[in-house]
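[1] This is the structure alone, sequence omitted:
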């Protein structure tokens, strides 16, 4: 009699742990993306050509956040500058979000997991010859 209740409790704990892990992962990647956008690097680390591509690679090439699965949607990267100005001292915000499905087998209980980081622009894109850094959905 107690086994089904115990099994449900274990399933809920595992689901909560996965959601918390995804939140921590998104927070880390958003902070790293905000730092890169603030210094406006011409080339991204690891030879990536875009901020979105680099941040998606930081989530892991085979991870659920990068590719999507029944439990979680693909991560979406948003980069926002204030009122289309990109001057030194202006804030740049990088946000990453996804939808987590608590019970993926029946498509029940969806929750949005999102994180963002804001930093001041140190080196404007115009000074480095780059265009505005943009985001998008992970591949």
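    Everything's here; your move. Small disclaimer: the values here were computed from a predicted structure and weren't measured.

[2] What is the end-to-end distance of stretch 82-94?
    End-to-end distance of stretch 82-94 (C-alpha to C-alpha, to the nearest Å): 12 Å.

[3] can you pull the buried residues of that stretch?
    Within stretch 82-94, the residues that qualify as buried by neighbour count (16 or more other C-beta atoms under 10 Å) are 86, 92-94. Yep, even glycine has a C-beta here, placed from its N, CA and C like the rest.

[4] from the chain's centre, how far out does it sit?
    19 Å (C-alpha atoms, centre = their mean, to the nearest Å).

[5] How about stretch 36-54?
    Computed by C-alpha atoms, centre = their mean, the separation of stretch 36-54 from the middle of its chain amounts to 15 Å.

[6] quick check: mean pLDDT across that stretch?
    Across stretch 36-54, the average pLDDT comes to 77.

[7] again with stretch 58-75
    Mean predicted lDDT for stretch 58-75 stands at 86.

[8] returning to what we had before: possible to save the buried residues of stretch 82-94 as a markdown table with distance to residue 56 and pLDDT?
    Shown next, in a markdown table, are the buried residues of stretch 82-94 (distance: C-beta to C-beta, whole Å; pLDDT from 0 to 100):
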| residue | distance to residue 56 | pLDDT |
| --- | --- | --- |
| 86 | 23 | 71 |
| 92 | 18 | 86 |
| 93 | 18 | 90 |
| 94 | 13 | 91 |
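
[9] SS state for the residue nearest to the spatial centre of the chain?
    Centre of the chain computed as the mean C-alpha position; nearest residue by C-alpha atoms, centre = their mean is residue 96, 3.1 Å away. Under DSSP: H, G, I helix; E, B strand; the rest coil, the three-state class of residue 96 is strand.
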